[in-house]
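S.K.: sequence first, predicted coordinates after that:
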Amino acid sequence: MVTQGRAARTREALIRAAAAELDANGYHGATMASVSAAARVSMGALTFHFSSKRALAQSVVEEASALTRARTEAAVAGYTSPLSAVFALVRCVAGLLDEDVVVRAAALLARERPKPVPGWHEAWVPALGRLLREADKAGELRQDARPDAVTALVVYVLAAVEAYRCSPVGEGLGARAALERLWPFVWRGVTVATG
């Protein structure tokens, strides 16, 4: 049991070190040697757990996907309005981009390597689409705001705020803060006017 616990801790340290390297340097700039050094683990231990950089990147995406799925499911629980749940989900994803290096690395991998297995977007986009279809059925979306188009728009907005936080212009402004600035325009453009 002690050996298994140590192996699990080593694997977790390697995933977090890889995520930090990916976040800082991108997929092509991150190396197995830099991950090994950052995790303070020998190259032999690294290759014991991950046979290639691709396998390591896939594990980063898998961990980010599991975290994102769990956090977004918790974020939307208890909402009676599908559209309010959409906003909770989107805020949660933006918050994860600010808070968790593994999620940021998975988002970057989704941009740099469009088909990591499994894809990080698969952890939250299906729930987003489902909620938007429910909002449409509930009459919360404008008649011309098709759920599939709104889903794509929200994905674009989240990709933009994630990229913006990395740009010189957006330096210091997190993904959640950038989202809060843009969301009122998205909201007014897709929802039924009330009051």
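M.R.: Sure, I can see it.
S.K.: where does R54 land in three-state SS?
M.R.: The three-state label given to R54 by DSSP: H, G, I helix; E, B strand; the rest coil is helix.
S.K.: look up phi and psi at L141.
M.R.: In terms of degrees, to the nearest 10, the main-chain angles of L141 are phi -100, psi 150.
S.K.: over to T191?
M.R.: phi -100, psi 160.
S.K.: what residues does it make contact with?
M.R.: 83, 140-142, 145 (CB atoms under 8 Å, 6 or more residues apart in numbering). For every residue, glycine as well, the C-beta is placed using N, CA and C.
S.K.: A17 too?
M.R.: Counting by CB under 8 Å, 6+ apart, A17 touches 35-36, 38-39, 41.
S.K.: top of those by neighbour count?
M.R.: Neighbour counts for the contacts of A17, by other CB atoms under 10 Å, peak at V35, which reaches 25 neighbours.
S.K.: dump the residue contacts of it.
M.R.: Neighbours of V35 in contact, by CB under 8 Å, 6+ apart: 14, 17-18, 21, 46, 56.
S.K.: secondary structure element for it?
M.R.: helix 32-39 (DSSP states H and E).
S.K.: and for the next helix or strand along the chain from that helix, what's in contact with it?
M.R.: Using DSSP H and E, the helix or strand that directly follows helix 32-39 along the chain is helix 43-49. With CB under 8 Å, 6+ apart as the contact definition, helix 43-49 has outside contacts at 7, 10-11, 14, 32-33, 35-36, 39, 56.
S.K.: tell me the buried residues in helix 43-49?
M.R.: Judged by neighbour count using 16 or more other CB atoms under 10 Å, the buried positions of helix 43-49 are 45-46, 49.
S.K.: so G119 makes contact with A110?
M.R.: Yes. Counting by CB atoms under 8 Å, A110 is a contact partner of G119 at 6.3 Å.
S.K.: just want to know which of those two has more residues nearby.
M.R.: Each of G119 and A110 has its neighbours counted (other CB under 10 Å); A110 has more, 19 against 16.
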